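Colleague: quick one: sequence plus predicted model below, questions after.
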Amino acid sequence: MPATTAHTQPEAPDITPPSPGYPGARRPDRSRWVQANGLRLAAYEWGDPDGPVIFMAHGGFDFAGTYDQLAPRLADAGWRCVSWDARGHGNSQHAPLYSWTADERDALAVLDTITDEPVVFLGHSKGGGLMLDMAHAVPHRLTHLVNLDGLPSRNAWPDLAERERTAMLHSELTAWLDHRRRIASAERPPGTIAELAARRARMNPRLDAAWLEYVVPIGATEHPDGWRWNIDPSLRFGGFGPWRPEWAMEHLPGIGVPVLGVLGLEYELMGWGTTPQDVLVNLPGRGRYEGLEGVGHFVHIEAPDTVAELVLDFLGDPPVHGGGRNAPRQVAPQWEGADEPDLPDGVTALHHGKVRLALHRLRDATPGNDDHHPLLVVHGLGEHTDGVPVEADEWPGPVFGLDLTGHGLSSVPTGGGYTAEVLMADVDAALAEIGPCTLLGRGLGAYVALLAAGGRPDKVRGAVLTDGPGLVGGGIRPHSPTLPRLGPAPTPRPDPVVMLEMARDVRPPDYATDYVRQALEWSGLDTPVAVCTRVRPEWVTAVVEQPGVLDTTARDALRRYAHATHT
């Protein structure tokens, strides 16, 4: 991506057609940059710049160029098709963190550069789910919703016995945390255009090899040692979080505008396994369902003529009005990243992924306990490491405190994207530095400590959960999405984005108890978790009821864990 200065605009994102081309595919007519919450996103348009808008979100591990067949067909019918590369995809900037909510905020930032009038929302796969959420968050911004195979179903999730599920989660959690430790130096492997197309064919086995080679120069960059996909290597299929597929489907009945749901009926690895009945029972009154026989998950690529005809028939003739404003290339003030403060003596910098974490050594071991395992203190939402808590004044070993990402002396990542699982990985970075320890978590830090106890049970010698800000979180299931517009914070720490996102994160009780089972199964401790809170939201209540959980005071729990060893 071209470098910028304070006085020049970067060159617009490249829309040069690949050679050879592909029948029916056409690169965008225009491109520009959008500043979204401090990140630079690449936006693209096909069609008349004064035409009515179809706002198009691509799928996960895709980029806007995968609409090079569908968008021109819609543009030739009179529509202005606008898409963008999501953060970490295509030509858009790689972000320190990624989350569903961050993608939604980015989408709104792009939409705000297009028009003030309602538009058509269209999305494929993950982008389809994103547009479902957006339809609830900003219902006044859309006239129609088109979902292209982006309606998740329970059918793609295996029905496992509890023991199998516990073992699978342990393996996947360990692999994910290991991946988080490696991402700072990770690179996509290089290859020729044909080799990158062949790799993509493993995920897209039904797509034409010539099409896959066509998109390589669009979604990859040539380096001295070969082509590399532009997808941020820190992104990984799967991951962890409380999200349930049925939550996305539950948004469908509440859509108030006309809805078109298109489903590819051929099973594919990248698909959701959704059946027509899954859609039909949730279709709103103004909804229309179309199932495509012999077509897989990538309906807009495999059958662009059919999908374009369905969309155009559904929308009718383009309105005379509806989308005129053509935004300037730079649509929001450039955010200056928060400076990294100098670290005082006794504070170690842990470079974890794309952030710097501040690990405070709060106190050395008491005399005669130099070999005793440490205590790691994890603060609450909006707080920072602030000395040894009074509950820990009898701890015999060394005491450390960790500033979570976005707090204290740790980095404030541009554009947000916080999740509890990312903060669990912060704790994992501290465990890698100081070795096995007991965790004392306060508020949000208590929830993070529970996740870490299940994510690294061999490294956590007991997790003590205490009251503090952020303990409750956002409840047990999603609520109405909200997408506030954020600006540069006058005081960058704590990051206002972390205050917003981590006060609303979803914490289903059964998700929390999964981590208790991980800790009980692999920690070697009879009671690996201690709940010491007066406040008992649903997730805490569920944790207390699990075998292997102490319901006691923080002082008592720390006395027990002071001599805990793994068997």
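Modeller: Everything's here; your move.
Colleague: show me where pLDDT drops low in the stretch 251-400 of the chain?
Modeller: Residue ranges of the stretch 251-400 of the chain with pLDDT under 70: 320-339.
Colleague: which residues of it fall in helices?
Modeller: Ranges of helices in the stretch 251-400 of the chain, per DSSP state H, counting those that start in this stretch, are 276-280, 299-302, 304-315.
Colleague: just the stretch 51-200 of the chain next, same as before
Modeller: Under the criterion DSSP H, counting those that start in this stretch, the stretch 51-200 of the chain carries helices at the ranges 70-75, 100-111, 126-137, 162-182, 193-203.
Colleague: what's the least confident stretch among those helices?
Modeller: For the helices of the stretch 51-200 of the chain, the weakest mean pLDDT is recorded on helix 162-182, namely a mean of 81.
Colleague: please identify the most buried of the helices of the stretch 251-400 of the chain.
Modeller: When you average the neighbours per residue for each of the helices of the stretch 251-400 of the chain (mean count of other CB atoms under 10 Å), helix 299-302 leads with a mean of 26. Using the backbone N, CA and C atoms, a C-beta is placed for each residue, glycine as well.
Colleague: what helices or strands is it leaning on?
Modeller: Secondary-structure packing of helix 299-302 (3 or more CB pairs under 8 Å, 6 or more residues apart in numbering; DSSP states H and E): strand 259-264, helix 304-315.
Colleague: and if we set it to 10 Å?
Modeller: helix 70-75, strand 119-124, strand 142-148, helix 209-219, strand 259-264, strand 287-292, helix 304-315 (3 or more CB pairs under 10 Å, 6 or more residues apart in numbering; DSSP states H and E).
Colleague: CA atoms only: put the fourth one into PDB for me.
Modeller: Spelled out, it's helix 209-219. Listed next in PDB are the C-alpha coordinates belonging to helix 209-219 (Å, rounded to 0.1, in the frame of the first residue of the first chain):
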ATOM      1  CA  ALA A 209      -9.700 -22.800 -11.900                       C
ATOM      2  CA  ALA A 210      -9.500 -19.800 -14.300                       C
ATOM      3  CA  TRP A 211     -11.600 -17.700 -12.000                       C
ATOM      4  CA  LEU A 212      -9.400 -18.600  -9.000                       C
ATOM      5  CA  GLU A 213      -6.300 -17.500 -11.000                       C
ATOM      6  CA  TYR A 214      -8.100 -14.300 -12.100                       C
ATOM      7  CA  VAL A 215      -8.600 -13.200  -8.400                       C
ATOM      8  CA  VAL A 216      -5.100 -13.900  -7.300                       C
ATOM      9  CA  PRO A 217      -3.600 -10.600  -8.600                       C
ATOM     10  CA  ILE A 218      -6.600  -8.800  -7.100                       C
ATOM     11  CA  GLY A 219      -6.400 -10.300  -3.600                       C
END
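Colleague: what pairs with the very next helix or strand once past that helix, parallel or antiparallel?
Modeller: Sequence-wise, the next helix or strand downstream of helix 209-219 (DSSP states H and E) is strand 220-223. Strand 220-223 pairs in its sheet with strand 226-229 (antiparallel), by DSSP bridges.
Colleague: how far off centre is the partner strand?
Modeller: 24 Å (CA atoms, centre = their mean, to the nearest Å).
Colleague: what's the answer for stretch 303-310, then?
Modeller: So, by CA atoms, centre = their mean, the centroid of stretch 303-310 is 30 Å from its chain's centroid.
Colleague: follow-up on the earlier one: I'd like to know which of the helices of the stretch 51-200 of the chain lies nearest to residue 401.
Modeller: Shortest distance between residue 401 and the helices of the stretch 51-200 of the chain, using CB to CB, is found for helix 162-182: 20.6 Å.
Colleague: sorry, back to before: adding distance to residue 95, write the helices of the stretch 251-400 of the chain out as JSON lines.
Modeller: Shown next, in JSON lines, are these (distance: least, CB to CB, whole Å):
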{"stretch": "helix 276-280", "distance to residue 95": "32"}
{"stretch": "helix 299-302", "distance to residue 95": "26"}
{"stretch": "helix 304-315", "distance to residue 95": "30"}
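Colleague: which one of those helices lies closest to residue 547?
Modeller: helix 276-280 (35.8 Å).
Colleague: separation between residue 510 and residue 66?
Modeller: Going from residue 510 to residue 66 by CB to CB, to the nearest Å gives 36 Å.
Colleague: who has more neighbours out of these two?
Modeller: Set residue 510 next to residue 66 and count neighbours by other CB atoms under 10 Å: residue 66 wins out with 28 against 11.
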